[in-house]
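**Q** Please find the sequence and the predicted model below.
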Amino acid sequence: MKLQRLLSLTRQAVDAYQLIDDGDHIAVGISGGKDSLTLLYALKNLMTFYPRPFKIRGITVDLGLEGFDLTPVKMLCQQLEVPYTVISTDIGKILFDIRKEPNPCSLCAKLRKGALNQAALDLGCNKVAYGHHKNDTVETMLLSLIYEGRFYSFSPKTYLDRTGLTLIRPLIYVDEADITGFCNKYQVPVRENPCPVDGYTKREYVKNLTKMLEKDNPGVKERMFHAVLNADIPGWPQARR
């Protein structure tokens, strides 16, 4: 996927759900993976022509896992002229050494989001951008359906009453395969996930299930995505047509 296509899809989502307002200071949550780094590229380039002026800064919550080198990410942020902050934590030690969590994903996500949101507030940001894409939207819906018995997926825009922050997901219209293609084309310095349970989670199971369903029923992923968009899920903003 070319940068122009990425920007087109990102702007479609931003305009449809009014994700960016004049004067926003947006914290981009950077894990070092392909999704968050693609989001960084998208928002940095969108800044150059979007009619509502805004600024961004990158924030990484370092879990403290051994062997996670952020040097290439720091160099990329310098190249893009994006302020970048790394928040050091003991989340990895808490999960795997102290608590020895057999299913750490939920608690890890909660701790990471808390650390990211607090850093965003401390740095004067009013919004936090996540790199969730179209596949994540569908997979979250299936996770909810299979394990919770309800039709639900995360919203492209969520206001957090307790902090005053607004969470946005500008890549919601972008397919994961296109993100992979973008990173390969532009040699984005993607970091390997250091988590010891990566690839062995319920989300990974649902990801593989989605691929199987798509193989047997071409177009089913797109139909499920539009089912989410049209489902009038509580908390979702009304999209502008």
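**A** Ah, there it is.
**Q** Please enumerate the strands of this protein.
**A** With strands called from DSSP state E, the chain shows them at 24-29, 54-62, 84-88, 127-129, 157-159, 166-168.
**Q** Would you format those strands as CSV with distance to residue 110, mean pLDDT and mean neighbour count included?
**A** For every residue, glycine as well, the C-beta is placed using N, CA and C. Listed next are the strands of the chain as CSV, based on distance: least, C-beta to C-beta, whole Å; pLDDT from 0 to 100; neighbours: other C-beta atoms under 10 Å:
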stretch, distance to residue 110, mean pLDDT, mean neighbour count
strand 24-29, 14, 98, 21
strand 54-62, 12, 95, 20
strand 84-88, 15, 93, 16
strand 127-129, 15, 98, 24
strand 157-159, 15, 96, 17
strand 166-168, 14, 97, 23
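**Q** Same list (those) but as TSV, adding distance to residue 104.
**A** TSV is the format used below for those (distance: least, C-beta to C-beta, whole Å):
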stretch	distance to residue 104
strand 24-29	19
strand 54-62	15
strand 84-88	19
strand 127-129	22
strand 157-159	24
strand 166-168	22
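**Q** which residues touch the helix-or-strand element of the chain with minimal mean pLDDT?
**A** Across the helices and strands of the chain, mean confidence by mean pLDDT, DSSP states H and E is lowest for helix 91-93: a mean of 79. Residues from elsewhere that reach helix 91-93 (C-beta atoms under 8 Å, 6 or more residues apart in numbering): 61, 63-65, 108, 111-112, 115.
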